[in-house]
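K.L.:
Requesting a structural model of the entry that follows:
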Amino acid sequence: MTIDPAQFLLVFICLALGGVLKGATGAGAPILAVPALAAVFDVKLAVVIMMMPNLLTNLWQGWQHRTHRLTGHLGWIFAAAGAAGALAGTFMLAWLPHETLSIIVALAVLGYVMIRLSRPGWTLSRRAGSRLAAPAGLVAGILQGSSGISAPVSITFLNAMRLERHAYIFTISTFFVAMTVVQIPALGYVGILSLPLITLSLAAVVPILAFMPVGAALARRLSPAAFDRAILLLLVGLALKLVYEAVPFASG
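P.N.:
Next comes the predicted model:
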């Protein structure tokens, strides 16, 4: 695939926005970068571009917080189920029409926004979390593989357990690494991955890292509530754009 200078600039802007969000909130850059890239290009390209940033940044974070892993098997079950789900989701990414994938991304984004607004104080006990780790990981993995966004399930699930910050970072990082390690060969098997796209995905790490300090600075200047509202409004706008473009297919 060839990307002209104008498209390259758009990719850079989308990734920079993801870096701003990660720097400001600590949330994953895919939450913003994937729907932005999908709105400009398509879901398949968005998922592939975010592959190496997901792998490398989460490997680094996981290694930094390796001494804070959860006791028991919850985190490993969650990661293993996520990997299995990501494998299934990758085949969905390869076989489903572009418009259907766009709707999946839009619904995932809108689901994340609705959960953030409607259930901010929802809690889940460690015992309940252990029972739900496998199904939650599987569904989150399917979402990640097919749309590049697992946040409606993965982040909501872990946030609900009110994990200590370092344990949360290690668990979510392990989850994303497990999914990405499975998805890389799967994307190659279904013919989506290519050497130019791997190179582009590696290059995508740079703007995300470069703009994380910008997000941190914005978070210091704006109130958390104001920044959160701005991000949620942007996400809703991106989701509605994806749905609007897919409506002719859905209604036909």
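K.L.:
The stretch 101-250 of the chain: helices as residue ranges?
P.N.:
Along the stretch 101-250 of the chain, counting by DSSP state H, counting those that start in this stretch, helices occupy 126-147, 154-160, 165-189, 195-203, 205-221, 224-251.
K.L.:
between these, which one is nearest to A39?
P.N.:
A39 lies closest to helix 224-251 among those, at 4.9 Å (CB to CB). For every residue, glycine as well, the C-beta is placed using N, CA and C.
K.L.:
Pull up the per-residue confidence for A27.
P.N.:
Note for A27: predicted pLDDT of 58.
K.L.:
Please renumber the chain so that the first residue is 388 from this point on.
P.N.:
Got it, first residue is 388 now, which makes that one A414.
K.L.:
hmm, back to that, just so I know, which of the helices of the stretch 488-637 of the chain lies nearest L397?
P.N.:
helix 592-608 (11.7 Å).
K.L.:
Remind me what the closest one packs against, helices and strands.
P.N.:
Contact here means 3 or more CB pairs under 8 Å, 6 or more residues apart in numbering; DSSP states H and E; on that basis helix 592-608 packs against helix 392-412, helix 438-451.
K.L.:
neighbouring contacts of it?
P.N.:
For helix 592-608, the external contacting residues (CB atoms under 8 Å, 6 or more residues apart in numbering) are 399, 402-412, 416, 420, 439-440, 443-444, 614.
K.L.:
same question for it, mean pLDDT?
P.N.:
Throughout helix 592-608, pLDDT has a mean value of 84.
K.L.:
now the angle between helix 438-451 and that helix, please.
P.N.:
Going by axes from the mean of the first three to the mean of the last three CA atoms, to 10 degrees, helix 592-608 is angled at 60 degrees with respect to helix 438-451.
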